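**Student:** coordinates only, no sequence provided:
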């Protein structure tokens, strides 16, 4: 049986135009030796900070970009050798996209996109009307898309992805910039779609931990173009079952905490400045509970005022900190 | 195969629909696409009038002025449209769809031909009436054939230009801009292409509209034949060759440039 | 007052710089230089070939002062019209739909009116280069007789400046209209330039036009501008209809009509800007 998606030693580098003062052009590695296998019927998440390589991977899988080396298969079809066959099986939705024509209304735009996939007119309209109703956009079916709010526009984009009824659907940050309610609706529909269609697959990129945790059967954590972990959310969290996770909030400070990672018992550590509430959050992955006192003592001697301290169950964010040594939220 | 054809036909119609509906909903184009081009053509008519040129030259300009509509449509509403589609985020959605890129371009062209034809008809009909142009049609079938072949070759050439936008943005836009006037010159829009001399006229014949206009002028005006560059039958054959050539080369150019764009990561790069 | 002046100057400067970058930084300088002259040269050559084809056939019986110099110089100066109109008016669609920046410029303290002028300036500088290259090509290659020692340079520069101010004001009027029209109005700029091509006596003397078009030509400031520019270059009165008017009188008419045009552009701009805000059109996307 073919996997929905398979990548083998996938690499992609981008050449940066030579600057006048540099002797040669430089290169950026967007993907490095990426090996992934995604099964049919899976809702798979790619989690990583901005610039980690998530969109690059999606673009390669959607036939919009060629890999520098390596292989990428979509439903067993090579994206480089046979892109036309890949395109029959896929669709893609990006967060914050502005596709479509302002001159057309919502229903017309969706119909237009469905025609690029050869969907018969009657079926296309049936699907469009059903989806518009499901997403609460039926009232706006005849509204020109330029008059839609950001949330409505993104709902329309998501519908566009489903209208062609693809085998594999790529979502690149589908809930980017959406309010909580709309993001929840979008997530719910994506999850149900995969659940109710055992052969359909979704590959979703996000930098929202909660989204990945809630939606995905499996997650690959990607950083600087490398896949650093790949498993189900629960298994990923189990990586930290022996460690102690402590979150400490202190008053906002520019203090350098780098030496904290050298403290006895501290395995990994990350900090995040929360300027809006005037606090700095420190996330510690500790070997055991006894290391907590070491940390609090160090903070006191540093002159930091501890506002709160909590020992928590591991989250995907903690997994990221443990694997990368940085906080994903602070990156974003 | 049959499904592919059906999907591509549907795509052509879907993309053309946008333009047709757009024309209805944004009627501000009517003035700029009908009255104003007629005035621009009239300026060239008055140059000949000021030079007291023979009457048929007025007809030549009117015919050339009408045909500018198609050249403008090819250049700005088809080839360069990829520039805008890229910025709007539509291009990548076209590219991941299981259709030929030529279907999208053809859809744009068919939608755009609606405006272009209206512009051409206004310039041709009103220009002919206002300046009392005398026509002497010597071959309706040949005239029809030459017009159709010119259109096919011209739009094929436009698709070839469109391939530039797979890799470039502003560079390709400026390249299109660069071509506008030189093609007016080499295309012989306002004078018989024969005037440019045999060598230049042969070179200019690579532009479908040069041969098309020359042939049409020979078939529409009494003295057209004497001012014609090549025999109409040869021009029809050459246009047939150009039609096949441009469609063939644009097919491969689109594939080649798309691949190059994918390799360099510039296929969907915005604000270049 | 002083602060306003300083803001407007900064806006003009910034917009000119931005316009220049947009126009030029897509290519190496020499490609850009070639690009900047090929199009104007081709457009001039169209007229030259039209002239030659009639002259060669022995049919040319043009009377009076109408000759290749008239046509060539008029066309060279008319390049300013097409390019500056385009440079100013196209800014609206380019910034609104392509770069999607119009709304941000609009809400800044910078006045759009000055911003538009600034954007046109870049195109103006490129056109100056193109016009000089075109005239030089005409003199050196086409042997168009122009006596450089007879040119009244100070007056030519002054008159060109006044004319360009008027053209930029026309551009602002077109930009204002573009605020409420769809993207396809790119053709509007071309079309309006075409209209002025017909009624400015740029490439043929206005006396060949029917009476009513001659009257329109006589209320068009560009007619006086192009005639004055020709006179200061050749030292001859070239348009017969205007031959009874002295240079000074023409200069006065040009200055007055330019001032009226600038005033009109402010009023018209305000009207369309208000309309665009009222209808919520500042950030719409209309491309299709």
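**Tutor:** Okay, I see it. What you see is a predicted model, and the numbers here were worked out from it, not measured in a lab. Numbering: from 1, shown residues only, chains lettered A, B, ... in the order given.

**Student:** which residues in the chain form strands?
**Tutor:** You didn't pick a chain, so chain A it is. A:5-16, A:26-38, A:43-47, A:69-74, A:77-78, A:90-94, A:168-172, A:201-206, A:218-223, A:226-231, A:244-251, A:266-274, A:279-286, A:306-312 (DSSP state E).

**Student:** weakest of these in terms of mean pLDDT?
**Tutor:** The stretch with the lowest mean pLDDT among these is strand A:266-274, at a mean of 84.

**Student:** circling back: any chance of TSV for the strands of chain A, columns mean neighbour count and distance to residue C:69?
**Tutor:** Glycine gets a C-beta too; all of them are placed from N, C-alpha and C. What follows is these, written out as TSV (neighbours: other CB atoms under 10 Å in any protein chain shown; distance: least, CB to CB, whole Å):
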stretch	mean neighbour count	distance to residue C:69
strand A:5-16	18	52
strand A:26-38	18	55
strand A:43-47	27	69
strand A:69-74	20	64
strand A:77-78	16	66
strand A:90-94	25	58
strand A:168-172	25	62
strand A:201-206	26	66
strand A:218-223	23	69
strand A:226-231	18	70
strand A:244-251	19	81
strand A:266-274	19	72
strand A:279-286	22	77
strand A:306-312	12	85
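
**Student:** isn't residue B:268 up against residue B:93?
**Tutor:** No: when contacts are counted by CB atoms under 8 Å, residue B:268 is not listed as touching residue B:93 (9.8 Å).

**Student:** reformat the strands of chain A as a markdown table; add distance to residue B:206.
**Tutor:** Below are those laid out as a markdown table (distance: least, CB to CB, whole Å):
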| stretch | distance to residue B:206 |
| --- | --- |
| strand A:5-16 | 34 |
| strand A:26-38 | 40 |
| strand A:43-47 | 49 |
| strand A:69-74 | 40 |
| strand A:77-78 | 38 |
| strand A:90-94 | 39 |
| strand A:168-172 | 42 |
| strand A:201-206 | 47 |
| strand A:218-223 | 50 |
| strand A:226-231 | 51 |
| strand A:244-251 | 71 |
| strand A:266-274 | 63 |
| strand A:279-286 | 67 |
| strand A:306-312 | 72 |
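
**Student:** more neighbours: which of residue B:268 and residue B:93?
**Tutor:** For residue B:268 against residue B:93, the residue with the higher neighbour count under other CB atoms under 10 Å in any protein chain shown is residue B:93, and the figures read 25 against 19.

**Student:** check which helix or strand covers that one.
**Tutor:** helix B:90-96 (DSSP states H and E).

**Student:** how about the nearest residue to the residue of the stretch 51-200 of chain A found nearest chain B, chain neighbours excluded?
**Tutor:** With CB to the nearest CB as the measure, residue A:118 is the residue of the stretch 51-200 of chain A nearest to chain B, at 3.2 Å. Once its chain neighbours are removed from consideration, residue A:118 has its nearest residue in residue B:7; the separation is 3.2 Å (CB to CB, 6 or more residues apart in numbering or on different chains).

**Student:** residue contacts, residue A:32?
**Tutor:** When the contact criterion is CB atoms under 8 Å, 6 or more residues apart in numbering or on different chains, the partners of residue A:32 are A:11, A:224-226.

**Student:** what's the closest of those to residue B:74?
**Tutor:** Each of those was checked against residue B:74 using CB to CB; the closest is residue A:11, at 40.1 Å.

**Student:** who's in contact with the closest one?
**Tutor:** Contacts of residue A:11 were listed using CB under 8 Å, 6+ apart, and they are A:29, A:31-34, A:67-70.

**Student:** tell me which of those residues is nearest to residue B:82?
**Tutor:** residue A:67 (24.1 Å).

**Student:** the closest one touches residue A:33, doesn't it?
**Tutor:** No: with contact defined as CB under 8 Å, residue A:67 and residue A:33 do not form a contacting pair (11.1 Å).

**Student:** overlap in contacts of these two?
**Tutor:** By the contact definition CB under 8 Å, 6+ apart, residue A:67 and residue A:33 are jointly contacted by A:10-11.

**Student:** which bits of the stretch 151-272 of chain B sit near chain A?
**Tutor:** Within the stretch 151-272 of chain B, the positions adjacent to chain A are B:259, B:262-265, B:267-268 by CB under 8 Å from any CB of the partner chain.

**Student:** the same query, at a cut-off of 10 Å, please.
**Tutor:** For the stretch 151-272 of chain B, the contact set with chain A under CB under 10 Å from any CB of the partner chain comprises B:258-268.

**Student:** and these as CSV, adding pLDDT?
**Tutor:** Putting these into CSV (pLDDT from 0 to 100) gives the following:
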residue, pLDDT
B:258, 93
B:259, 93
B:260, 93
B:261, 91
B:262, 93
B:263, 92
B:264, 90
B:265, 88
B:266, 87
B:267, 85
B:268, 81
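
**Student:** next step: the residues you listed restricted to helices.
**Tutor:** Secondary structure from DSSP state H places B:258-264 of these in helices.
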